[in-house]
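> model the structure of this input:
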Amino acid sequence: MSHKNISIRDANQRDIAAIMELIHLKAEFDGCPESVEATPEKLELDLFGEKPLAFVVLAEVDGDTIGLATYHFIYSTFLAKPGIWLDDLYVKAEYRSQGIGQALMLRLRQIGEEKGCGRIDWTVAVSNERGINFYERIGAKIINKVKLCRLDGQILQ
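As a prediction, the model looks like this:
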């Protein structure tokens, strides 16, 4: 099923409920639904407050929100340029393989170009073969020589 009325746009405060729904669906897809601590109030402050910490691009089909890309800006000292860190890319299952993920990534590339970014970085689960294939199709290099490191929870305190 191909949809003609796909639109990609920046999210606004009225989209918080749809963003929350997509975050929960993404967490289920990733196999960690219990890990979502986001609340509508926290998202409103962090995404749409005086100094946004992150940004959201939404995909809509016929007015229904069906996908998102969340991102924030990073900086590469090697390039001496800003970059984009793609945090989440998610399209509802029934809308996959219809160019929606590609449209979201195209919008991120446009944002990167507008902001003078040197690159877009993100992670993909090694078990997500469909995602890896998609990223390779759109021209991404999959770098296997690094591992994600994280300090969180008690360690941060």
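
> got a list of contacts for the strand of greatest length in the chain?
Ranked by number of residues, the top strand in the chain under DSSP state E is strand 64-76. For strand 64-76, contacts defined as CB atoms under 8 Å, 6 or more residues apart in numbering pick out 11, 15, 18-19, 21-22, 53-60, 81-92, 95, 100-101, 104-105, 107-108, 111, 115, 117-121. (Each C-beta comes from the backbone N, C-alpha and C, glycine too.)

> ditto for stretch 135-144
102, 105, 124, 132.

> rewinding a little: how far off centre is the longest strand of the chain?
4 Å (CA atoms, centre = their mean, to the nearest Å).

> note down every partner strand of it and its orientation.
Its sheet considered, strand 64-76 pairs with strand 55-61 (antiparallel), strand 81-91 (antiparallel) by DSSP bridges.

> out of those, which is the most enclosed?
Compared across the strands paired with strand 64-76, strand 55-61 shows the largest average neighbour count, a mean of 22 (mean count of other CB atoms under 10 Å).

> what residues does the helix or strand where residue 110 lies touch?
Secondary structure from DSSP states H and E places residue 110 in helix 100-114. Helix 100-114 has contacts (CB under 8 Å, 6+ apart) with 3, 6, 8, 57, 59, 61, 66-69, 71, 83-84, 86, 89, 91, 117, 119-120, 134, 138.

> make it 7 Å
6, 8, 57, 59, 66-67, 69, 71, 84, 86, 89, 91, 120, 134, 138 (CB atoms under 7 Å, 6 or more residues apart in numbering).

> report the buried residues of that helix.
The neighbour-count check on helix 100-114 (16 or more other CB atoms under 10 Å) flags 100-101, 103-105, 107-108, 111-112 as buried.

> for this structure, give me the ranges with low pLDDT.
1-4 (pLDDT under 70).

> wait, which of the buried residues of helix 100-114 is closest to residue 156?
Nearest to residue 156, judged by CB to CB, of the buried residues of helix 100-114 is residue 108 at 28.3 Å.

> from residue 18, how far out is that closest one?
Separation of residue 108 from residue 18 (CB to CB, to the nearest Å): 19 Å.
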